[in-house]
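# A structural model of the following input is requested.
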Amino acid sequence: MKNSQFVPPVALRHPHPSTVHGITLADDYFWLREKGSPAVTAYLEAENAYTAAIMSGTEKLQSDLYNEILSHIKEDDVSVPYRDGNWMYWTRTEKGMQYPRFCRRAVDSPTQTEHIILDINLLAAGKPFMSIGDSAVSPDGRLLAYTTDDTGFRQYKLAIKDLQDGKTLTDTAERVGSLVWAADSSTLFYTTEDEQTKRQDRAFRHILGDPITADIEIFNEPDERFNLGIGRSTDRQFLLLESGSHTTNEVWLLSSSTPTASFSRIAPRVDDEEYHVDHRDGFLYILTNNHAEQFRLMRAPTNTPGRERWQEILPEIPDAPLEDFDLFQNFLVASYRERGLPTLRVFSLDNDGCLAASNDIRLPDPAYSASGEINRDFSATTYRYSYQSLVRPASVFSYNVATQQSTLLKQQEVPGGFDASNYDSARLWFTAHDGTQVPVSLVYRRDKFHLDGKSPLYVYGYGSYGYPLPLGFSTSRLALLDRGIVVAYAHVRGGGELGDPWHDAGKMMLKRNTFTDFIEAVEFLTREKYGDPARVAIEGGSAGGLLMGAAVNIAAAQGKPSLFRVVLSHVPFVDVMNTMLDATLPLTVAEYEEWGNPNEPAAFAYMLSYSPYDNLETLRGQPLPAMLVKTSLNDSQVMYWEPAKYVAKLRTIKADSAPLLLHINMDAGHGGASGRYDYLKETAFDYAFLFRELGIEKMP
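A predicted model of the protein is given here:
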């Protein structure tokens with residue numbers, strides 16, 4: 001049956017105008033916010049039915065893709081054990097099981113049978129969704145506190161399990177975020193979220209066995225820009241309570257051995273200044289952008305930690321942002337970015353805790369990801385780190401600080417005939433319209449790629465919140481590469497590849513740089529013959545979905561409506577104005593520091609200039625890409641109605657025959673399906689749409 005025989009749903013139009021700063025915003029689909037109403041449910045189900053109808057005929061392709069991707073996954077697998085206190089911990093996955101099992105054994109009993117401390121499969125029984133939020137084992141190893149969400153709305157409930165008898169205690173709490181135990185193993189600190197804004201705004205102290213109503217509130221954050229989080233120093237000596245926004249934070253300190261005492265503030269918050277803390281032998285080590293745009297490392301006595309006592313131990317490097325550090329008794333590892341790629345620099349510590357000799361851990365590929373693994377042993381003499389690249393499967397290494405040698409502990413096994421030598425990667429730079437050099441990372445299959453401009457091209461982008469695109473290995477991506485698709489990652493401004501300045505150059509009143517960088521990345525790749533300009537697919541999710549919508553609109557406004565052939569847009573933030581003008585929605589006020597406050601006329605005008613939902617008229621009469629827009633009913637970050645409204649409005653404008661599909665997962669949240677097999681089926685569905693539209697349904 002031909003696609004033209006199916007008629008897309010038509011959403012009713014109910015005018016809902018609003019006037020802001022003298023400008024009237026028309027929103028005929030405001031009614032789609034009425035979650036659970038019969039009319040909204042019927043419309044969403046009609047969109048799912050239409051998508052299924054248009055995708056009819058691809059069922060075998062989807063099944064083949066699912067099996068192909070699954071063939072590259074070792075279904076029975078176990079992670080590298082790590083030490084935490086007197087126990088070794090790891091996760092295990094088993095064939096046919098959607099979720100992992102968390103396991104452990106005593107450090108001094110290497111032959112002991114593994115003990116399953118938490119089986120997510122049991123928690124998920126009878127539920128379409130299950131996610132673990134935070135978890136913490138008590139210092140004595142007896143109790144496991146953890147949080148679960150069974151809807152996808154990221155609303156977590158606390159549970160505490162006795163690991164000796166396997167029973168779940170009656171101690172519980174709702175809307176819990178972060179967790180940490182005090183040294184006595186009977187005092188648990190936790191944060192909770194505000195019901196309306198879904199920000200973590202309160203922190204409590206709970207005594208094991210007490211009713212939840214007896215818990216003591218230890219902190220309440222009134223500023224809606226800020227979220228609370230609680231944790232502990234690596235040496236376990238202190239509990240750390242942090243209140244932070246996108247640009248500012250402050251940290252409070254409490255000895256883990258005196259849980260009923262009061263937290264003390266290290267340094268008061270200062271606008272646009274951040275600091276992050278760890279502890280060793282009476283000194284705080286402080287990562288901060290105080291007088292250092294790209295961050296530097298400071299040190300101060302624990303008993304007098306104010307800014308006036310901070311002393312620099314690692315200066316700022318202007319072209320290499322300092323992102324993080326891992327602190328141990330005898331060494332420190334600083335995580336930098338050089339030309340947008342991670343560098344792990346190991347410093348030995350002298351008897352006074354000052355930095356001594358340093359050495360960089362060597363990382364081989366032109367485009368990769370590297371970071372510290374789970375390092376919970378403060379007295380360790382080795383540093384565990386993870387490494388992967390676009391062509392190299394995820395690996396865990398142990399770096400010996402004394403010998404400066406890395407030992408491979410485990411590399412992800414990729415069955416199904418994978419041979420890394422068949423693939424190659426590259427790191428390229430292009431010049432944006434304003435002269436800025438922007439990086440792009442590529443991966444392709446050697447025997448299917450020729451620099452002749454004939455390869456189908458897939459470009460992924462994000463570019464927000466200072467988040468650098470991870471350049472890791474993907475088993476599902478092999479399905480693209482093995483069909484001759486060149487896969488590219490555009491590291492556009494607004495991300496974090498080159499530090500805070502890179503982020504700042506693509507946010508607030510400079511946000512359009514994100515969109516134009518992406519468009520210019522695609523043009524660069526096709527101009528340099530890395531891809532066929534008639535077969536370009538693009539993908540992004542969440543803020544990357546905003547990128548997708550804005551890029552399509554802006555390219556059309558520039559007279560290039562055919563720049564993209566296919567668009568995959570996941571949980572897209574496309575209704576910018578209506579969302580950012582509604583302070584009652586989760587996250588909105590905190591987001592002012594990323595996007596701007598539309599209650600201010602200049603910010604309003606600028607945001608309105610790129611908001612995808614408000615600029616769809618740009619596309620009227622233009623040929624449009626094939627588009628698959630995906631969302632989840634229980635998304636708490638980008639509400640389902642944003643993509644639903646976007647598609648409904650776009651249908652009134654589009655006049656060509658390219659498919660425009662909306663798919664709603666009625667049982668998940670922002671990240672889609674939670675089970676690993678269900679998630680693979682979603683990926684196979686996306687790829688089936690992509691391959692059909694690019695004309696490469698069969699393996700070349």
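
# what pairs with Thr431 across the strands?
The partner list for Thr431 in beta bridges (DSSP bridges) reads Gln437.

# just the pLDDT for it.
Thr431 is assigned a pLDDT of 98 by the prediction.

# go on, Leu624?
Leu624 carries a pLDDT value of 94.

# the one 10 residues further on now?
In this model, Asn634 is scored at 96, pLDDT.

# excluding sequence neighbours, find me the nearest residue to it.
Taking Cβ to Cβ, 6 or more residues apart in numbering, and ignoring the residues beside it in sequence, Asn634 has Gly152 as its nearest neighbour in space, at 3.9 Å. From N, CA and C alone the C-beta is placed, and that goes for glycine too.

# tell me the pLDDT at that neighbour?
For Gly152, the pLDDT comes out at 96.

# can you count the residues close to it?
By the measure other Cβ atoms under 10 Å, the count of residues near Gly152 is 25.

# spit out the contact partners of it.
Gly152 makes contact with 129, 131, 632-636, 667-671, 674, according to Cβ atoms under 8 Å, 6 or more residues apart in numbering.

# and the helix or strand hosting Arg202, what does it pack against?
In the assignment (DSSP states H and E), Arg202 maps to strand 200-207. The helices and strands touching strand 200-207, judged by 3 or more Cβ pairs under 8 Å, 6 or more residues apart in numbering; DSSP states H and E, are strand 187-193, strand 216-220, strand 227-232.

# please produce a markdown table containing those, extended by mean pLDDT and distance to Val566.
Compiled in a markdown table, the helices and strands packed on strand 200-207 are given as follows (pLDDT from 0 to 100; distance: least, Cβ to Cβ, whole Å):
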| stretch | mean pLDDT | distance to Val566 |
| --- | --- | --- |
| strand 187-193 | 98 | 37 |
| strand 216-220 | 98 | 48 |
| strand 227-232 | 98 | 36 |
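
# the strands in the stretch 201-350 of the chain, which residues?
216-220, 227-232, 238-244, 249-255, 264-265, 275-280, 283-288, 296-301, 311-314, 322-327, 331-338, 341-349 (DSSP state E, counting those that start in this stretch).

# what's the spacing between the third one and its chain's center?
Taking Cα atoms, centre = their mean, to the nearest Å, one finds the center of strand 238-244 at 22 Å from the center of the full chain.

# what are the buried residues along it?
Within strand 238-244, the residues that count as buried by 16 or more other Cβ atoms under 10 Å are 238-244.

# repeat for the longest one
If you call a residue buried by 16+ other Cβ under 10 Å, then strand 341-349 has these buried ones: 341-347, 349.

# nearest to Cys103 among those?
Leu344 (28.2 Å; Cβ to Cβ).

# beta partners for the closest one?
Assessed by DSSP bridges, Leu344 has beta-bridge partners Ser335.

# wait, it sits on Arg362?
No: the criterion here is Cβ atoms under 8 Å, and Leu344 misses it with Arg362 at 9.4 Å.

# for Val647, phi and psi?
Dihedral angles of Val647 (phi, psi; degrees, to the nearest 10) stand at phi -70, psi -40.

# distance of the residue lying closest to Tyr677 once chain neighbours are set aside from Leu228?
Once flanking residues are discounted, Tyr677 sits nearest to Gln98: 5.7 Å by Cβ to Cβ, 6+ apart. Using Cβ to Cβ, to the nearest Å, we find Gln98 at a distance of 32 Å from Leu228.

# quick one, which of those two is more surrounded?
Leu228 (23 against 16).

# stretch 633-648: how far from the chain's middle?
18 Å.

# and the end-to-end length of it?
Stretch 633-648 has an end-to-end distance of 16 Å (criterion: Cα to Cα, to the nearest Å).

# list the buried ones in it?
633-648.

# related to what we said a few turns ago, mind checking the SS state of the residue nearest to Asn634?
What DSSP: H, G, I helix; E, B strand; the rest coil gives for Gly152 is coil.

# hang on, the earlier thing: helix or strand for the residue nearest to Tyr677, which one?
According to DSSP H and E, Gln98 maps onto no helix or strand at all.

# just the helices in the stretch 51-200 of the chain please.
Assigned by DSSP state H, counting those that start in this stretch, the helices in the stretch 51-200 of the chain fall at 59-71, 120-124.

# secondary structure class of Glu45, three-state.
Following three-state DSSP, Glu45 is assigned to helix.

# where in the stretch 551-700 of the chain is pLDDT low?
The stretch 551-700 of the chain contains residues with pLDDT under 70 at 697-700.

# rewinding a little: can you say which of the helices of the stretch 51-200 of the chain is nearest to Phe689?
Per Cβ to Cβ, nearest to Phe689 of the helices of the stretch 51-200 of the chain: helix 59-71, 9.3 Å.

# and the closest one, what does it pack onto?
When contacts are defined as 3+ Cβ pairs under 8 Å, 6+ apart, helix 59-71 packs onto helix 478-481, helix 676-694.
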